[in-house]
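# Mind folding the following:
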Amino acid sequence: MSEGEPQDSSKFNKFDVDGITVYFNRNIVFNKETVKLDIRRYLFTHEIFVEGVDIAY
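Residues are numbered from 1 along each chain as shown. Below you'll find the model as predicted:
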C-alpha cells in the first residue's frame, strides 16, 4: 500500500470514498461483495484497514 496516485493508473480501479481516493490493483480478488475500508488515527499516524479483499504479498 502506498500514498498517492499510481504511476500507471490503467492497472487500477479507482474509487472515491468519503473524500478519499482509493486505487485497487485490478488483479486483487474480492472475496466479498462489499469491501470495508477503515481509517484509524492515533496521534500523528494513520492506518488503513481493508476487509473483504484477499491480499497476499
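# and the strand or helix carrying residue 46, which strands flank it?
According to DSSP states H and E, residue 46 maps onto strand 45-51. Using DSSP bridges, the strands paired with strand 45-51 in its sheet are strand 36-42 (antiparallel).
# Show me the residue sitting in the middle of this protein in space.
residue 22 (4.9 Å; CA atoms, centre = their mean).
# ok so, going back, please point out which parts of the strand holding residue 46 sit buried.
Of all the residues in strand 45-51, not one is buried under the rule 16 or more other CB atoms under 10 Å. Where you see a C-beta, it was placed from the backbone N, CA and C, and this is true even at glycine.
# now the residue lying farthest from the centre of the chain: how far from residue 8?
Largest separation from the mean C-alpha position in the chain: residue 43, at 21.7 Å (CA atoms, centre = their mean). Residue 43 sits 34 Å away from residue 8, going by CB to CB, to the nearest Å.
# ok, now residue 31?
For residue 31 relative to residue 8 (CB to CB), the value is 25 Å.
# neighbour count winner among those two?
residue 31 (10 against 7; other CB atoms under 10 Å).
# isn't the more buried one right next to residue 50, touching?
No. Residue 31 is not in contact with residue 50 according to CB atoms under 8 Å; the separation is 11.2 Å.
# Bridging across strands, which residues link to residue 46?
residue 41.
# Mind pulling up the pLDDT for it?
As predicted, residue 46 sits at a pLDDT of 76.
# what's the answer for residue 11, then?
We have a pLDDT of 91 for residue 11.
# Would you pull up how far stretch 6-25 lies from the middle of the chain?
Distance of stretch 6-25 from its chain centroid, counting by CA atoms, centre = their mean, to the nearest Å, is 8 Å.
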